[in-house]
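Engineer: Structure for the following, please:
(one chain, ligands or ions: 2)
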Amino acid sequence: MKPFLVTPGSKVDLSKWDADDTSALAGVTKEGSVAMLETVRGRLKNLQAMLLAQRKRKILVLFQAMDAGGKDGTVRNVFSGLDPHGLSVVSFKAPTPAELEHDFLWRVHAHVPGRGEITIFNRSHYEDVVAVRVRKLAPKEVWERRFDHIAAFERLLVDEGTVLLKFFLHIDQAEQKARLEGRLRDPTKRWKLLPSDLADRSRWDEFTRAYEDAISRTSTSHAPWFVIPANKKWFRNLAVAMILRDALADLDPEFPPIHPDLVNIQSV
Ligand code: ATP
Ligand code: MG
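Structural biologist: Ligands and ions are numbered 1, 2, ... in the order given. The predicted model follows:
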């Protein structure tokens, strides 16, 4: 899954990232991916149990994407089966008036994971340098300086024991069109569509540039970005699950030993 890691300091040009690319899992088919995902999720469940028991490290997984990029579906498919204890999903919507009274990281910091926990951010503080920029909700001098604040904030989280993984789910414009039209037709999905989604769609190039800029400027060795080809949902799910599994396995979590006072107790 290394090819999807954005090398710190490199300049991302999303037009060079093929949203259909599945070559990293050569030989795997959509049908075959089902069993593979099941296996990876089993390992994730096991790693999460140790992470939670140990209460040492914290995991923050963040998703950004264009509209209909598949954030919700990824969260459902990758994390289902994990223990809901110590697992939470936070969706960041347009800020409330109260949130707007505070600095942009205030609402974000309130939700970061504690020891042993896995927290998923569905959208994040990156909205404050992407959506805010594209929709001109703040002047350039305001969003521009947020990059430094984001760097310091992420450094803080990592210094305090957080593993931070940032995923950009990369779909192309044709795929977005198909998915938005699918939502229009499907009574179970229609409610998701807002007029603003269509307005955002017409700003595809501006969003792309804002994402390229944000990802290029904030992919670091301690808080890396992954650009995941996401036109194919099976590939996207498996790629994210495998990267997460590898990151958790690297922590090498273990179940804590028995309490010292209980070592010699054989029966209760
Ligand atoms: P779905 O894929 O189901 O539509 P969503 O993440 O798009 O989910 P919505 O409620 O449709 O959820 O949209 C949330 C909206 O809030 C997005 O348009 C996003 O850009 C916007 N938003 C989130 N955070 C901020 C922010 N800090 N400033 C401005 N807009 C924001
Ligand atoms: Mg939406």
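Engineer: which bits of the stretch 51-200 of the chain sit near ligand 1?
Structural biologist: Residues of the stretch 51-200 of the chain lying near ligand 1 by C-beta under 6 Å from any ligand atom: 67, 72, 92-95, 123, 127-128, 131-132, 137, 192, 194. Any C-beta I mention is one placed from the backbone N, CA and C, and that applies to glycine too.
Engineer: tell me the pLDDT at Ser196?
Structural biologist: Listed pLDDT for Ser196 reads 88.
Engineer: Can you give me the buried ones in the helix or strand hosting Ile150?
Structural biologist: Assigned by DSSP states H and E, Ile150 falls within helix 140-159. Neighbour-count burial for helix 140-159 flags 143, 146, 150, 153-154, 157-158 (criterion: 16 or more other C-beta atoms under 10 Å).
Engineer: contacting residues for Ser216?
Structural biologist: Listed by C-beta atoms under 8 Å, 6 or more residues apart in numbering, the contact partners of Ser216 are 6, 10-12.
Engineer: what's the answer for Lys11, then?
Structural biologist: 212, 216.
Engineer: and if you look at Phe153?
Structural biologist: So Phe153 contacts 105, 108-109, 125 (C-beta under 8 Å, 6+ apart).
Engineer: Could you list every helix and strand in contact with the lengthiest helix in the chain?
Structural biologist: As assigned by DSSP state H, the longest helix anywhere in the chain is helix 30-54. Applying 3 or more C-beta pairs under 8 Å, 6 or more residues apart in numbering; DSSP states H and E, one finds that helix 30-54 makes contact with helix 71-79, helix 233-251.
Engineer: which parts of the helix or strand just after that helix are buried?
Structural biologist: As assigned by DSSP H and E, the chain's next helix or strand after helix 30-54 is strand 58-65. For strand 58-65, a neighbour-count test (16+ other C-beta under 10 Å) marks 58-65 as buried.
Engineer: again, but for stretch 26-35
Structural biologist: Buried residues in stretch 26-35 (16+ other C-beta under 10 Å): Ser33.
Engineer: circling back: for the contacts of Ser216, which one is nearest Ala247?
Structural biologist: Ala247 has its nearest neighbour among those in Val6, at 15.1 Å by C-beta to C-beta.
Engineer: any idea how far ligand 1 is from the closest residue in space to Leu248 that isn't next to it in sequence?
Structural biologist: Take Leu248 and drop its neighbours on the chain: the residue closest to it by C-beta to C-beta, 6 or more residues apart in numbering is Leu47, 4.1 Å away. Separation of Leu47 from ligand 1 (C-beta to the nearest ligand atom, to the nearest Å): 27 Å.
Engineer: Specify which member of the contacts of Phe153 is nearest to ligand 1.
Structural biologist: Closest approach between the contacts of Phe153 and ligand 1, by C-beta to the nearest ligand atom: His125, at 7.5 Å.
Engineer: Chain neighbours aside, what residue packs nearest to Arg107?
Structural biologist: Leaving aside its chain neighbours, Arg107 sits nearest to Glu99 (4.8 Å; criterion: C-beta to C-beta, 6+ apart).
Engineer: which outside residues touch the helix or strand encompassing that neighbour?
Structural biologist: For Glu99, the host element (DSSP H and E) is helix 97-100. Residues outside helix 97-100 that contact it (C-beta under 8 Å, 6+ apart): 106-107.
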